[in-house]
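# Show me how the following folds:
(one chain, ligands or ions: 2)
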Amino acid sequence: MDKTRIVSVTAREILDSRGNPTVEAEVALAGGVRACASVPSGASTGAFEAVELRDGDGGRYGGKGVLRAAGNVDGPICEALAGLDATDTTAVDRALLTLDGTPNKVHLGANAMLAASIACARAAAVACNLPLYRFLGGVSAQVLPVPMMNVLNGGAHATNSIDVQEFMIMPVGAPSFGEGVRWCAEVFHALRSLLVEEGLSASVGDEGGCAPDLPGDEQAIEYLLRAMERAGYRPGEDFVLAMDAAASEWKTADGYRLPKAGKSCTADELIEHWRSLAERYPIRSIEDPVGEEDWDAWRRITEALGDRLQLVGDDFFVTNTARLERGMEHGCANAILIKPNQIGTLTETMDAMRTARRNGYASIVSHRSGETSDTLIADLAVALNAGQIKTGAPSRGERVAKYNRLLRIEQELSGGGIWPGKKCFL
Ligand SMILES: C=C(OP(=O)(O)O)C(=O)O
Ligand SMILES: [Mg+2]
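Numbering: from 1, shown residues only. Ligands and ions are numbered 1, 2, ... in the order given. Okay, here's the model as predicted:
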């Protein structure tokens with residue numbers, strides 16, 4: 001144990017992919033190993049996410065600085081973790097949770113806690129001479145995830161005219177992860193050239209997908225299907241579609257209002273819209289189709305569409321096992337989006353994934369719209385055999401870093417690991 005004893009935990013402020021400050025932690029072990037981890041940040045954040053500590057009014061970066069969070073790492077977190085064995089991830093995270101002492105991490109900040117939690121695990125993996133996915137998942141870590149590649153951005157992630165936040169392509173017919181990524185990249189290039197040819201903008205949104213001005217979601221889907229065909233693939237066979245409505249962003253006191261289209265609707269009209277889209281197009285998965293507090297609408301949509309669609313709770317579950325269990329009791333959703341910074345420690349993140357698995361809910365490991373080049377989510381997806389990952393388009397380095405990490409993992413796992421292909425969920 002002496003080599004893996006934590007000697008120090010320090011932090012610094014670095015920039016994320018939107019040019020906003022975020023926390024990077026660095027752990028030093030007694031045996032000389034050092035490892036860093038940095039945390040991402042969302043734009044369409046769930047109301048029930050753990051607190052991301054920022055410096056506040058009057059501070060640098062218009063109050064968005066993270067010096068207080070970094071100071072919490074340098075001070076109390078370092079003091080609490082020094083002397084612990086970095087290979088005991090549960091003990092490290094328990095120490096963080098005890099030190100914070102609040103349900104939503106308001107004291108230390110989930111950004112400070114998660115950076116320390118990941119850095120400890122990464123240092124431990126290096127000290128044990130194991131890849132991070134093997135350290136976290138043990139011998140059963142074998143499954144490469146199917147990408148849900150977000151190639152067309154809207155909502156809070158782009159300044160275009162589309163209200164739905166994400167239009168994703170899933171290469172379910174590909175024979176391997178590497179081929180799946182290649183297929184996706186080819187469709188992405190075909191989409192960009194189609195848009196340019198038709199005089200539309202090929203500029204990209206926060207997650208690297210194209211962000212053209214289009215009247216609505218049907219037109220966006222039509223472009224994706226044409227891009228698949230242009231690249232030589234069969235929609236519905238080689239590829240299926242996934243969407244993230246991020247509908248909490250649309251919630252009003254008595255219904256929903258799509259801010260860009262300027263249209264209002266009831267929860268039932270929204271559910272009917274998703275049903276009709278899924279009937280006409282090869283859609284496999286819809287995330288946050290209704291609002292994070294609309295439990296009744298979640299129950300109704302799951303009853304109506306849950307047998308043919310993956311219905312994913314992101315803002316709804318916020319990677320929180322208690323909210324997931326409540327959703328299960330009420331028959332809401334059939335999948336959970338996994339974002340480690342929504343909850344604040346690796347242990348709680350993996351607990352949510354295991355709870356989902358035990359109860360027949362799928363897990364999709366996910367990036368945030370403001371990312372760093374940290375590749376934890378790639379290892380995490382393989383560690384727990386999640387089977388699906390959401391990590392943006394291949395036009396931005398912080399997204400490509402995750403795909404490239406998975407390409408390395410695929411090569412490392414002899415025979416290319418297991419590719420779930422068409423059996424990727426449910
Ligand atoms: C990745 C997402 O966006 P953000 O990070 O802005 O919450 C999402 O909503 O799934
Ligand atoms: Mg989402």
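# Against Gly344, how distant is Thr102?
10 Å (Cβ to Cβ, to the nearest Å). Every C-beta, even on glycine, is put in place using the N, C-alpha and C of the backbone.
# Which one's more surrounded, the two?
Shown here are Thr102 and Gly344; by other Cβ atoms under 10 Å, Gly344 has more neighbours (32 against 11).
# pLDDT score for the more buried one?
We have a pLDDT of 98 for Gly344.
# interface residues of the stretch 101-250 of the chain facing ligand 1?
The stretch 101-250 of the chain comes close to ligand 1 at residues Gln165, Asp244, Ala246, as judged by Cβ under 6 Å from any ligand atom.
# Out of the residues you listed, name the ones that lie in strands.
Asp244 (DSSP state E).
# So which residue is dead centre in this structure?
When the chain is reduced to its mean C-alpha position, the nearest residue by Cα atoms, centre = their mean turns out to be Ser366, at 1.6 Å.
# For Ala124, give its distance to ligand 1.
Distance of Ala124 to ligand 1, given as Cβ to the nearest ligand atom, to the nearest Å: 27 Å.
# What of Gln310?
Applying Cβ to the nearest ligand atom, the value for Gln310 to ligand 1 is 14 Å.
# Pretty sure that residue sits against Ile336.
No - when contacts are counted by Cβ atoms under 8 Å, Gln310 is not listed as touching Ile336 (10.5 Å).
# intersection of neighbour lists for those two?
Shared contacts of Gln310 and Ile336 (Cβ atoms under 8 Å, 6 or more residues apart in numbering): Ala362.
# And those two? Which one has more around it.
Taking other Cβ under 10 Å, Gln310 and Ile336 do not tie; Ile336 has more neighbours (32 against 25).
# Run a quick neighbour tally on the closest residue in space to the residue nearest to the centre of the chain that isn't next to it in sequence.
Among residues not flanking Ser366 along the chain, Lys390 sits closest, at 4.2 Å (Cβ to Cβ, 6 or more residues apart in numbering). With neighbours defined by other Cβ under 10 Å, the count for Lys390 comes to 29.
# likewise the one 5 residues further on?
Applying other Cβ under 10 Å, we find 19 residues neighbouring Ser395.
# separation between the residue lying closest to it once chain neighbours are set aside and ligand 2?
Leaving aside its sequence neighbours, Ser395 sits nearest to Gly208 (Cβ to Cβ, 6+ apart; 4.2 Å). Relative to ligand 2, Gly208 is positioned 16 Å away (Cβ to the ion, to the nearest Å).
# Got phi/psi on Gly208?
Backbone geometry at Gly208, expressed as degrees, to the nearest 10, gives phi 90, psi 0.
# could you point out the longest helix in this structure?
helix 177-197 (DSSP state H).
# and for that one, what are the contacting residues?
Residues contacting helix 177-197 (Cβ under 8 Å, 6+ apart): 144-147, 149, 151-152, 169, 171, 174, 201-202, 209-210, 212, 223-224, 226-228, 230-233, 238-239, 393-395, 403, 406-407, 410, 416-417, 419.
# Would you state the helices of this structure in chain order?
67-72, 78-81, 89-100, 110-127, 132-137, 177-197, 217-230, 267-280, 295-305, 321-329, 340-343, 346-358, 376-383, 397-412.
# circling back: can you redo the residues of the stretch 101-250 of the chain next to ligand 1 as TSV with pLDDT and neighbour count?
TSV is the format used below for these (pLDDT from 0 to 100; neighbours: other Cβ atoms under 10 Å):
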residue	pLDDT	neighbour count
Gln165	96	29
Asp244	98	29
Ala246	97	25
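# What about ligand 2: which of the residues of the stretch 101-250 of the chain next to ligand 1 touch it?
Asp244 (Cβ under 5 Å from the ion).
# Same list (the residues of the stretch 101-250 of the chain next to ligand 1) but as JSON lines, adding distance to Phe188.
JSON lines is the format used below for those (distance: Cβ to Cβ, whole Å):
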{"residue": "Gln165", "distance to Phe188": "17"}
{"residue": "Asp244", "distance to Phe188": "17"}
{"residue": "Ala246", "distance to Phe188": "21"}
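# Tell me which residues touch the nearest residue to Thr266 once chain neighbours are set aside, please.
Distance criterion Cβ to Cβ, 6+ apart; nearest residue to Thr266, sequence neighbours excluded, is Gly255 at 4.8 Å. Residues near Gly255 by Cβ under 8 Å, 6+ apart: Ser264, Cys265, Thr266, Ala267.
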